[in-house]
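J.: okay, predicted coordinates and the sequence, questions at the end:
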Protein chains: 2
Amino acid sequence: MFETKASAPIGVFDSGVGGLTVAREIIRQIPNERIVYFGDTARVPYGSKSKDTVKRYSRQIVRFLLTKDVKAIVVACNTASAFALEDLISEFDIPIIGVIKPGAKAAVENTKTKRIGVIGTEGTIRSAIYTEVIHEYDREAIVLGKPCPLFVPLVEEGWLHDRVTDEVACRYLNEFKDRDIDTLIMGCTHYPLLRSTIMKTMGENVFLVNPAYETANSLKRLLDENNISSPEDLIPKSEMYDFYVSDAPRKFVDFANSIMPVEVETATQVNIEEY
Amino acid sequence: MFETKASAPIGVFDSGVGGLTVAREIIRQIPNERIVYFGDTARVPYGSKSKDTVKRYSRQIVRFLLTKDVKAIVVACNTASAFALEDLISEFDIPIIGVIKPGAKAAVENTKTKRIGVIGTEGTIRSAIYTEVIHEYDREAIVLGKPCPLFVPLVEEGWLHDRVTDEVACRYLNEFKDRDIDTLIMGCTHYPLLRSTIMKTMGENVFLVNPAYETANSLKRLLDENNISSPEDLIPKSEMYDFYVSDAPRKFVDFANSIMPVEVETATQVNIEEY
């Protein structure tokens, strides 16, 4: 029983391609772990949708991942973590972690001014979930949130280093000027792909928190604590990672290959509404 | 029977809020007609999704609209018109029109150079549907298509008159420079809201076709030909228009009130996956 569990894959899901930034951190930090990734490309984006809708979608995806016998699940989407994580944890009997808590914790540990900025989708910022979780670690911290809805389409257009993206970043991040923040959480999985633009705009004195990195780190500890870390060299590298999507796989596979440290040959389409 | 049919509403659907530009043209041109509008706000956008997914979503929505006893259906979404209209017409026993044909016809009637530009979502442009339909009217016409994926999020951000939008428009529309087009189809329902930016970028010599306007016009003729135009002053104005959405109504209602010529008090949420 224990043997089976340890060798089982990690389920990772996101509204689309963004969660691949979390999957790649897992691959970098705990390369022995198998991953079953699901991207809800037929219903992307989640960031502008309501709490109830995101909860319903997240439940369907967890039910799908359970059919793949995963040993733990990572909600690699800030909006789904904000809206659905609590319900998922109470409804399903499997370790589930999101990206909010690891990101919030890292921000609190870094800040000296106790003034933390958060950027994310409309849903994530409106939920004020980062403020809530940051206050669990430090009640005195001041959290300033700003939704940046154009960042995701700019990333998906591939305009990562572009003067339009620079201008949009200036416009959005201008609100943080003179607010004395020393730490900024990139609270959407697409945003680390704009890291250099964001860094240029914010200046060197602001530390950028990448929740994807922190989440992979938390996952490693979670697996160790539960004694379910995968033994080394269990299966061939080519069978380590499986990708599933709710829409046609072509675009997903193209995007995945542009950012992943492993080759993504294919993704399997699933009718997620049936779960 | 005939009486019932004539007084029945028109079903209008779109992936989200964009189709409201079609609904408002219907309200302006045929103000006696009742409208049942459905916006698939839980699964928006369609423009980046596959043909099969958009077909499945469109079928669900038509089945929903039929429960509202509509007398005709307008597919007020370019992507759904491109991908699903033919199947919908053959599968359902009710007059159904899309936005492509009326827009294509108007472009052919206007062009003198026989060189027509089309802008739209990735799905609409990749389908080459406008080229196909334009060639039904004029085989010699040359059609140049260009997807503009950032236009929809820019509209939804409300940056209608903005230097970022100007720069994005320049970038996208630059491909039409020196290509001698005299007519440009705004092949996505959001784009008429960027009319002034597009006009400024293209110059006064390029005629902009608004398929929403042409579609309302075609609908008027369709109703007349089928003897199902609504008699005058049938019901109070406040009961003329019903709005349904698949996600929480708040954002939809806000957007609707910013562009519609009538007050939109409320929209009803529907679980569209059940249809």
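T.: All right, it came through fine.
J.: wait, what's in contact with the spatially most central residue of chain A?
T.: Against the mean C-alpha coordinate of chain A, by C-alpha atoms, centre = their mean, the closest residue is A:Ala76 at 3.2 Å. With contact taken as C-beta atoms under 8 Å, 6 or more residues apart in numbering or on different chains, A:Ala76 is in contact with A:12-14, A:18-19, A:21-23, A:99, A:189, A:212, A:215. Yep, even glycine has a C-beta here, placed from its N, CA and C like the rest.
J.: show me the strands in the stretch 101-250 of chain A, by range?
T.: For the stretch 101-250 of chain A, the strands defined by DSSP state E, counting those that start in this stretch occupy A:115-120, A:142-147, A:183-186, A:207-209, A:241-245.
J.: excluding its backbone neighbours, what's nearest whatever residue of the stretch 1-150 of chain A ends up closest to chain B?
T.: In the stretch 1-150 of chain A, the residue that lies nearest chain B is A:Ser50 (3.5 Å; C-beta to the nearest C-beta). Nearest residue to A:Ser50, sequence neighbours excluded (C-beta to C-beta, 6 or more residues apart in numbering or on different chains): B:Ala248, at 3.5 Å.
J.: quick check: the one you found touching B:Thr268?
T.: No. Contact criterion C-beta atoms under 8 Å: B:Ala248 and B:Thr268 do not qualify, at 11.1 Å.
J.: what pLDDT does whichever residue of the stretch 101-250 of chain A sits closest to chain B get?
T.: Using C-beta to the nearest C-beta, the single residue of the stretch 101-250 of chain A nearest to chain B is A:Ala248, 3.5 Å away. As predicted, A:Ala248 sits at a pLDDT of 92.
J.: and for it, the neighbour number?
T.: Counted with other C-beta atoms under 10 Å in any protein chain shown, the neighbours of A:Ala248 add up to 17.
J.: do A:Leu85 as well
T.: Counted with other C-beta under 10 Å, A:Leu85 comes out at 22.
J.: which residue packs closest to it, ignoring adjacent ones?
T.: A:Leu85 sits nearest to A:Gly98 (C-beta to C-beta, 6+ apart), 4.2 Å away.
J.: bridged to that neighbour, which residues?
T.: A:Val75 (DSSP bridges).
J.: now do the contacts for it.
T.: So A:Gly98 contacts A:74-75, A:80-81, A:85, A:215 (C-beta under 8 Å, 6+ apart).
J.: filter those residues down to just the buried residues.
T.: By neighbour count, with 16 or more other C-beta atoms under 10 Å in any protein chain shown, these hold A:74-75, A:80-81, A:85, A:215 as buried.
J.: could I get the residues you listed as a markdown table with pLDDT?
T.: Below are the buried ones among the contacts of A:Gly98 laid out as a markdown table (pLDDT from 0 to 100):
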| residue | pLDDT |
| --- | --- |
| A:Val74 | 98 |
| A:Val75 | 98 |
| A:Ala80 | 97 |
| A:Ser81 | 97 |
| A:Leu85 | 97 |
| A:Thr215 | 98 |
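J.: can you redo the residues you listed as TSV with distance to A:Pro149?
T.: Output for the buried ones among the contacts of A:Gly98, formatted as TSV (distance: C-beta to C-beta, whole Å):
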residue	distance to A:Pro149
A:Val74	24
A:Val75	21
A:Ala80	17
A:Ser81	18
A:Leu85	22
A:Thr215	23
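J.: how far does stretch A:91-98 sit from its chain's centre?
T.: 16 Å (C-alpha atoms, centre = their mean, to the nearest Å).
J.: just the CA atoms of that stretch, as PDB, please.
T.: Written as PDB, here are the backbone C-alpha positions of stretch A:91-98 (Å, rounded to 0.1, in the frame of the first residue of the first chain):
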ATOM      1  CA  GLU A  91     -14.500  17.300   0.400                       C
ATOM      2  CA  PHE A  92     -11.700  15.000  -0.800                       C
ATOM      3  CA  ASP A  93      -9.600  12.600   1.200                       C
ATOM      4  CA  ILE A  94      -6.200  13.300  -0.300                       C
ATOM      5  CA  PRO A  95      -3.400  15.900   0.500                       C
ATOM      6  CA  ILE A  96      -4.200  19.100  -1.500                       C
ATOM      7  CA  ILE A  97      -2.100  22.200  -1.600                       C
ATOM      8  CA  GLY A  98      -2.600  25.500  -3.400                       C
END
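J.: correct me, but A:Arg59 touches A:Ala84?
T.: Yes. With contact defined as C-beta under 8 Å, A:Arg59 reaches A:Ala84; the gap is 7.4 Å.
J.: of those two, who's got more company?
T.: With neighbours defined as other C-beta under 10 Å, A:Arg59 and A:Ala84 compare such that A:Ala84 has more, 26 against 16.
J.: contact partners for that one?
T.: Contacts of A:Ala84 by C-beta under 8 Å, 6+ apart are A:54-55, A:58-59, A:75.
J.: how many neighbours does the residue nearest to A:Asp162 when sequence neighbours are not counted have?
T.: Spatial nearest neighbour of A:Asp162, excluding adjacent residues (C-beta to C-beta, 6+ apart): A:Leu154 at 7.6 Å. For A:Leu154, the tally of surrounding residues (other C-beta under 10 Å) stands at 24.
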